[in-house]
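[1] sequence plus the predicted model coming up.
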Amino acid sequence: MDSHLNPWLHVPSEPPYLLPCDSQIISSYNAGHPNENYQVQNKVLPEPFIGKTTAPVVLLSLNPGFDDGNIAEHARAGFQLLIRNNYRQEWAAFPFYYLDPGFESRGRQWWEKKLKPLLNMFERNCLAKSILLMEYFPCHSRRFRHASLKLPSQEYGFSLVHSAIGRKAVVVIMRAKKQWQERIPELKAYTRSFTLKNPQNPAVSPGNCPGGGFDLIVSAIRDGDC
């Protein structure tokens, strides 16, 4: 698969929400790992990235979490539309949809806490246009034990991070530093990248961003197009 072609345009309209290029790999993994904590979830839409793919600040995380409440949440027509519009990169007032004040979800509550210092400095719609979240592994799970899986769809995400480096975006490694640097070695020497001090509480705050990293984020947002 060409890493520059967006595979997420082909997510099925009904569950299981597995891309054709990933389906066999994930199904085989789930068959060999019956513990539901480590199952790759296919009843909710994957969230491989959230936000404008040209955003000046890129957050690198591990994978979307999961609990039983996610199924009902993801079944909402409005939520499905937000996610699929994000796949297609269609215009949105809040491209990072967890900052949309009209979108009620537990994910919104979580992100409001993690981004609180930035929300205190910028208008919501500006921040929502300035941040791109990239997940190392695109699918939901209760716990992560999928490092050995190599999905064809991941290559598209890696290509977006390469593009971010090329346009000199600020790259913040929230979680999964080892995995990201193994797949994108350029991150090790990239001077506009840093790792949060506490990946267990990945708040984007002055105290959690080493070496003036928070100021770097602020400058990138101010220099952006919002």
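    Sure thing, it's come through.
[2] relative to residue 127, how far out is the residue lying closest to residue 204 once chain neighbours are set aside?
    Nearest-residue entry for residue 204: residue 115, 5.6 Å, with adjacent residues in sequence omitted and distances by C-beta to C-beta, 6 or more residues apart in numbering. Heads up, the C-betas are built off the backbone N, CA and C, glycines and all. For residue 115, the distance to residue 127 (C-beta to C-beta, to the nearest Å) stands at 7 Å.
[3] which residues do these two both contact?
    Residues touching both residue 115 and residue 127 (C-beta atoms under 8 Å, 6 or more residues apart in numbering): residue 99.
[4] so in this protein, where's the weakest helix or strand by average pLDDT?
    helix 69-75 (a mean of 89; mean pLDDT, DSSP states H and E).
[5] in that helix, what's buried?
    Neighbour counts over helix 69-75 (16 or more other C-beta atoms under 10 Å) mark 70, 74 as buried.
[6] that one packs against which elements?
    helix 77-88 (3 or more C-beta pairs under 8 Å, 6 or more residues apart in numbering; DSSP states H and E).
[7] let's see that with 10 Å instead.
    helix 77-88, helix 106-114 (3 or more C-beta pairs under 10 Å, 6 or more residues apart in numbering; DSSP states H and E).
[8] helices and strands around the longest one, which ones?
    This means helix 77-88. strand 49-50, helix 69-75.
[9] done for today, thanks.
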